[in-house]
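Novice: Give the three-dimensional model of this entry:
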Amino acid sequence: MKVKQVDQGARTITIVGGVSALALCGDSMLYVVLPIYWKEAGLDSLWQVGILLAANRFIRLPLNPLIGWLYRHMSLRTGLLAAVILGAATTIGYGLWKGFAAWLALRAVWGIAWSLMRMGGYLTVIECAGDAKRGRYMGRYNGVWRLGSLVGVLLGGMLVPIYGLAPVSILFGLLALAGIPLVLVAVKAVKTAESLQSGRPGAPGGSIWTIAVKKIVISGLVISMLHAIFSATLTYVIDFHYADINLIFGLVASSTALGGLLSALRCAWEPFLAGRFGRITDGAQGRLPLFFLSLSGAAAGFAIIPWKLPIVAWIAVVILVMMTSTALGTIMDTMAADAAKSTSVVAVMTAYSVSTDLGAALGPALIYSVIDAEYGLLATYLICSVLFVLTGAWYIREFRQRRRGSGVTLLH
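Specialist: Residues are numbered from 1 along each chain as shown. Purely as a prediction, here's the structure:
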């Protein structure tokens, strides 16, 4: 009976991840094509691209607490269905309306949809996974929903130059509607997030703000901001240094096609590597060793990316950074779930969602405000590299205490 429950939990997580993937296709496409095809969206300037790529995150900042409150009073099924419908409508809207004002409204609605979807995914993992498999199941969920990014960046990068932004957006919006029957079949209507509350306050007076929670919230903000900068500028850097470059065997790729292929490569390995990384952190060594290794690789990669290298060497560095991003995404989400289980699940995951959304919103807005300045791109990437190093340094004390067996409560 126990094995059957574990299998059912894995099946539910996989389906919810698949629904998230379907909804995400249109959003992921924009990061590849909008920096190049912004005129097709009716935009007037490149700075509007940065605002639009960040708007969905900014709208989630004040709304995430409301989303958390809603999940205390409604079923996961209701929240996920609302997310699917809103996500599909906004993606179709990209193909129907033009202009900065219209797109700003659409990006705001998409922010609401993804808040509902992401919080529903977190709560599904926490509900279905015990302490011994939380990393593995979080990796499974992250890996599956990343398949939506795979479809979005790969097909978007290839199809938009051929057919245009509007038809591809409508196609992705219709594809997202397939998530409705999946939610109805896999997610129980009677299961609410309120049942996940542990009722175990982690600090005197019942506060959720333990040291572990504070650190994961701040770290989540910083790392999500750095990842957003990378995602928002990948095709820009390619277009700046390697536009229509001859790759290998005489192949020539546009910046959007190459950017889409590189981003799609990460999404393709996510279902395999994310789960593997999560399984490693479930082991006796805990989460921090792989956390440090990933931060080190990301710091080195960010210091190299803005320089023009031989194209094969540059692509290898980008792949390294994307692998560290896969690892860090799974580790951070799992450490947040670890901290949440010791206090209040919905409250902590809401705070973590707010922090990561803030970081993801700041990333594109900051980079596109300085990208046209002399050495703006280079300076930003070097600062990002330093921030990765400082984030790792913040956890060294906990790691040493764990190694000494001091008995101090740590992040797993």
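
Novice: what's near enough to touch the closest residue to Leu104 other than its chain neighbours?
Specialist: Leaving aside its chain neighbours, Leu104 sits nearest to Ala55 (5.6 Å; criterion: C-beta to C-beta, 6 or more residues apart in numbering). All C-beta atoms are positioned from the backbone trio N, CA, C, and that covers glycine. Ala55 makes contact with 104, 107-108, 111, 361 under the criterion C-beta atoms under 8 Å, 6 or more residues apart in numbering.

Novice: from the residues you listed, which ones fall inside helices?
Specialist: The helices, defined by DSSP state H, take in 104, 107-108, 111, 361 from the contacts of Ala55.

Novice: Only whichever of the residues you listed are buried, select them in PyMOL.
Specialist: This is how PyMOL selects the buried members of these, with burial counted by 16 or more other C-beta atoms under 10 Å:
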select buried, resi 107+108+111+361
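
Novice: now the ones in helices among the contacts of Ala55 as JSON lines including distance to Asp282 and pLDDT?
Specialist: As requested, the ones in helices among the contacts of Ala55 are exported to JSON lines (distance: C-beta to C-beta, whole Å; pLDDT from 0 to 100):
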{"residue": "Leu104", "distance to Asp282": "42", "pLDDT": "94"}
{"residue": "Arg107", "distance to Asp282": "36", "pLDDT": "94"}
{"residue": "Ala108", "distance to Asp282": "38", "pLDDT": "93"}
{"residue": "Gly111", "distance to Asp282": "32", "pLDDT": "90"}
{"residue": "Ala361", "distance to Asp282": "31", "pLDDT": "77"}
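
Novice: what about the residue nearest the centre of the chain, which helix or strand?
Specialist: The centre of the chain sits closest to Gly329, judged by C-alpha atoms, centre = their mean, with a distance of 7.0 Å. Secondary structure from DSSP states H and E places Gly329 in helix 311-341.

Novice: Only the buried residues of that helix, if you could.
Specialist: 311, 314-315, 317-318, 320-341.

Novice: Point out where the chain drops to low pLDDT.
Specialist: Residue ranges of the chain with pLDDT under 70: 1-7, 130-132, 189-207, 243-257, 260, 284, 402-412.

Novice: residue contacts, the closest residue to Asp333 other than its chain neighbours?
Specialist: Leaving aside its sequence neighbours, Asp333 sits nearest to Met138 (C-beta to C-beta, 6+ apart; 5.1 Å). Taking C-beta under 8 Å, 6+ apart, we find Met138 in contact with 125, 129, 278, 330, 333-334, 337.

Novice: Make CSV out of those residues and add distance to Thr210.
Specialist: Converted to CSV, these look like this (distance: C-beta to C-beta, whole Å):
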residue, distance to Thr210
Val125, 21
Ala129, 21
Gly278, 23
Thr330, 22
Asp333, 18
Thr334, 17
Ala337, 14
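
Novice: So the residue nearest to Asp333: helix, strand or coil?
Specialist: helix (DSSP: H, G, I helix; E, B strand; the rest coil).

Novice: returning to what we had before: ok, so what distance separates the residue nearest to Leu104 from Met117?
Specialist: Using C-beta to C-beta, to the nearest Å, we find Ala55 at a distance of 17 Å from Met117.

Novice: Kindly report the same for Leu362.
Specialist: From Leu362 to Met117 the distance is 21 Å (C-beta to C-beta).

Novice: Neighbour count for those two, which is higher?
Specialist: Met117 (25 against 20; other C-beta atoms under 10 Å).

Novice: Check the gap between the more buried one and Ala82 for me.
Specialist: The value you get for Met117 to Ala82, if C-beta to C-beta is used, is 9 Å.

Novice: What distance do you get for the residue nearest to Asp333 to Gly278?
Specialist: Distance from Met138 to Gly278, by C-beta to C-beta: 5 Å.

Novice: Check Ala347 too.
Specialist: Ala347 is 23 Å from Gly278, by C-beta to C-beta.

Novice: Tell me which of the two has more neighbours.
Specialist: Legend: neighbour count by other C-beta under 10 Å for Ala347 and Gly278, higher for Gly278 (28 against 19).

Novice: That one reaches Tyr141, doesn't it?
Specialist: No. The criterion here is C-beta atoms under 8 Å, and Gly278 misses it with Tyr141 at 9.3 Å.

Novice: I'd like the distance from stretch 208-219 to the chain centre, please.
Specialist: Stretch 208-219 sits 19 Å away from the centroid of its parent chain (C-alpha atoms, centre = their mean, to the nearest Å).

Novice: Just the buried positions in that stretch, please.
Specialist: In terms of neighbour count (16+ other C-beta under 10 Å), stretch 208-219 has its buried residues at 208, 210, 212-213, 215-217, 219.

Novice: Next: stretch 159-176.
Specialist: Across stretch 159-176, burial judged by 16+ other C-beta under 10 Å covers 159-161, 165-166, 168-173, 175-176.

Novice: Provide the contact partners of it at residue level.
Specialist: Here stretch 159-176 has contacts from 22-23, 25-26, 29, 33, 37, 40-41, 84, 87-96, 151-152, 155-156, 254, 256-257, using C-beta under 8 Å, 6+ apart.

Novice: 7 Å - rerun?
Specialist: Stretch 159-176 is contacted by residues 22-23, 25-26, 29, 33, 37, 40-41, 84, 87-88, 91-92, 94-95, 152, 156, 254, 256 when judged by C-beta atoms under 7 Å, 6 or more residues apart in numbering.

Novice: Could you do stretch 38-52 as well?
Specialist: 34-35, 98-100, 103-104, 107, 164-165, 364-365, 368-369.

Novice: Phi first, then psi, for Ser75.
Specialist: phi -80, psi 160 (degrees, to the nearest 10).

Novice: Relative to Leu293, how far out is it?
Specialist: 39 Å.

Novice: between these two, which one's more packed in?
Specialist: A direct count of neighbours by other C-beta under 10 Å for Ser75 and Leu293 places Ser75 higher, at 17 against 13.

Novice: before we move on, the earlier item: host element of the residue nearest to Leu104?
Specialist: According to DSSP H and E, Ala55 maps onto helix 47-73.

Novice: Ala186 contacts Thr14, correct?
Specialist: No. Taking contacts as C-beta atoms under 7 Å, Ala186 lies outside contact range of Thr14: 8.7 Å.
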